[in-house]
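Enquirer: Sequence and predicted structure, then a few things I'm wondering about:
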Amino acid sequence: MESKFLRNLQIGFSISFILLIISSTASFMSIKKFRDNQTRVEQTLEFLNTLNNINVNLKDKIIGIRGKLLSKDNKYSKTYYASIIPGDSLLSTLDVLVTNNPVQIRNAKELSIACRKYFVITQNIMSQIDNGNTVSYSIMETGREQTEVIQSIINKMKNMEHLLLKKRNEVSAQSAGTTPILLVVTSLLSLLITLIFYFRIRTDFKQRDELKNQLLQKDKDTTESILKIAEIAHQISLGDFSTRVDADDFGLLSKISNSLNSMAESLEVSFGKLNDEEWLQKGIASLNKKLLGNKTVNQICEESLSELIFYGQCEVGGLYVFEDGKITLKSFYNKEAFMKTSFNEGEGLIGQVFKDGVLKNIGDLGPDYFITTASGKIKLNHLLLIPIINANLTIGIIELGCSSKFTEVDILYHQTCGVSIGAALVSAKFRRNIQNLLEETQTQTEELQAQHSELENLN
C-alpha cells in the first residue's frame, strides 16, 4: 500500500515537472522573440517619424524662401532660418536609427547629400534677395528639382520601412498568438495529469485513512481527553483556578471533568479569600508600622496618605483634618484643581461625608476629574471618601481618586486604615496638647521664680 502510494506521487510529480520545464522554456523563448521584435517595431516607427519631421523641415525652408521672395520682408523668412539647426539634428538622428540596415544607410547618406545641396541653393537664393538682385528662373528650377530629389529619397525610405514594419507586425502577431496557445495546451495537459493522479492518490490515501481510523479512533479520543484534563489539572496546580473544563468535550470522562470543575471553583473562592485577607492584613500592618513613634499631625498625614496611595494604587489623594471649626487639607498627593483646601461641615461631598461619618464610593466621574502628566491627562473614573473615625467621632476625611474601580477589599482596607489613622491623629494631638501644657507650666514656673526672687530682694 505504501509503495503504491509513493509510486503514484513520484510519477505524477515527475510528469508535471517535465511539462512545467517545457512550457516555461517555450514561453520564455516566445516572449523574448516578441519583445525583440517589438523593439524593432518601435525603432521603425521612430524612423518614420524622423522622415516626416525632415519633410516638414524641408517645407519650412520652402515657405520661408517664398515669403522672402514675394514680400522682401525678413519676418517672412523666419521659418527658413529656424529650420536650419533642427534639419541637421534630424539628419544626425536618422543616421543613428539606420545603423542595422545597410540599404537604409546608403539612402540616409544620399538624403544627407541632397539636403546639403538644397541648403546651398537656398542660401544662394536668400543672398541674392538680400542684395536686391533678381533670382533667375534657372536657380529656382534647380531648387525645385532638388526638392523633388529629396522627396523621392524620403518616399523610397518610407516605403522600405513600411514593408519592414508590416513584416515585424506579422511576426509580433504570430508570437503573440503562439504563446497563449502553448500555455493553454500545457496547462490543460498539466491539469489532466494532476486530476488523474489526484484521484489515484486520493483513493490510496482514503483506504489507508479508513483503516487507521478504525484501529485508533477510540484510543485517540480517550488519550486526547486524558491529556486535556491533565493539562487543566496542571494549570489548577499552578494556581490558575479560573480554568474550567467543558464536560461535553470529553464524552465518557465528563464525570471527571465535572468533579474537576467543582474542585477548581472551591479552590478559586478559598484562595481568593486568602489572598484578599493576606493583602488586607499586610497593608494594615504596613500602615500601623509607619504610624508608630512620636510623630506630629503633619507627619502622620503625609506618611499615611502616601501609604494609602501606593499600596492602594491610586492616582490622586488628599487628607483633611477637622481643626478650628474647619475641615482643612493637611496632606495631598498629585494635587489637582478640583481639590479645595478647606470645607465647612456639610459643604460639598467632603463636608457631607464628614457630617454623616459614612464612607462614600462614587463612580463615573465627570470630565472635570483628571490628573495632569507631562505627556497629557489621565481621566479619573472613581472617587472614594473615607471618614477618619476615633471613638465614633469623625475627625477627618481621606479623599482618593483612581482610574480603576475600587473593589470590596480595597474599600475595607481604606476603611480600616481610616480608624488606625484616626487613633494616631488623636494621639498626636494629645501629645501636642501635653507638650503645650508642659511648656505653659514651665513658663509659669519661671515667672513665679522670678517673682519670688524680686520679693526676696525687696525684703
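Expert: Arrived safely.
Enquirer: now for the helix or strand hosting residue 148, which elements pack on it?
Expert: Here residue 148 sits within helix 137-237, counting by DSSP states H and E. Identification of packing neighbours for helix 137-237 by 3 or more C-beta pairs under 8 Å, 6 or more residues apart in numbering; DSSP states H and E yields helix 2-71, helix 102-130, helix 254-291. For glycine as for every other residue, the C-beta is placed from the backbone atoms N, C-alpha and C.
Enquirer: mind checking which of those helices is nearest residue 435?
Expert: Evaluated over those, closeness to residue 435 peaks at helix 254-291, with 18.4 Å, by C-beta to C-beta.
Enquirer: now the angle between helix 137-237 and the closest one, please.
Expert: Between helix 254-291 and helix 137-237, the angle comes out at 90 degrees (axes from the mean of the first three to the mean of the last three C-alpha atoms, to 10 degrees).
Enquirer: Save the helices and strands packed on helix 137-237 as CSV, and put in mean neighbour count, distance to residue 454 and mean pLDDT too.
Expert: Shown next, in CSV, are the helices and strands packed on helix 137-237 (neighbours: other C-beta atoms under 10 Å; distance: least, C-beta to C-beta, whole Å; pLDDT from 0 to 100):
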stretch, mean neighbour count, distance to residue 454, mean pLDDT
helix 2-71, 15, 126, 71
helix 102-130, 16, 141, 77
helix 254-291, 14, 47, 77
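Enquirer: Distance to residue 203 added to these, as CSV?
Expert: CSV is the format used below for those (distance: least, C-beta to C-beta, whole Å):
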stretch, distance to residue 203
helix 2-71, 9
helix 102-130, 66
helix 254-291, 38
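Enquirer: For residue 234, which of the ones you listed is the nearest?
Expert: helix 254-291 (11.4 Å).
Enquirer: could you say what helices and strands that closest one packs with?
Expert: Applying 3+ C-beta pairs under 8 Å, 6+ apart, one finds that helix 254-291 makes contact with helix 137-237, helix 297-311, helix 408-458.
Enquirer: Contacts only, for residue 186.
Expert: Neighbouring residues of residue 186 by C-beta atoms under 8 Å, 6 or more residues apart in numbering: 19, 20, 22, 23, 26.
Enquirer: which one of these is nearest residue 412?
Expert: Nearest to residue 412 among these: residue 20, at 74.8 Å, using C-beta to C-beta.
Enquirer: Thought residue 190 was touching the closest one, still the case?
Expert: Yes - using C-beta atoms under 8 Å, residue 20 is in contact with residue 190, at 7.1 Å.
Enquirer: got the contact list for stretch 357-368?
Expert: Residues contacting stretch 357-368 (C-beta under 8 Å, 6+ apart): 338, 349, 353, 379-387, 389, 392-394, 401, 405-406, 411, 414-415, 418.
Enquirer: Got a PyMOL select line for the buried ones in these?
Expert: Entered in PyMOL, the line below selects the buried ones among the contacts of stretch 357-368, by 16 or more other C-beta atoms under 10 Å:
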select buried, resi 353+380+381+382+383+384+385+386+387+389+394+401+406+414+418
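Enquirer: Can you list which of the contacts of stretch 357-368 are found in helices?
Expert: 349, 353, 411, 414, 415, 418 (DSSP state H).
Enquirer: circling back to that earlier point, between the helices and strands packed on helix 254-291, which one is nearest to residue 124?
Expert: helix 137-237 (6.5 Å).
Enquirer: The closest one vs helix 102-130, what angle?
Expert: Using the same axes, to 10 degrees, helix 137-237 lies at 130 degrees relative to helix 102-130.
Enquirer: Can you check what angle separates helix 137-237 from helix 2-71?
Expert: 150 degrees.
Enquirer: Alright, I will stop here.
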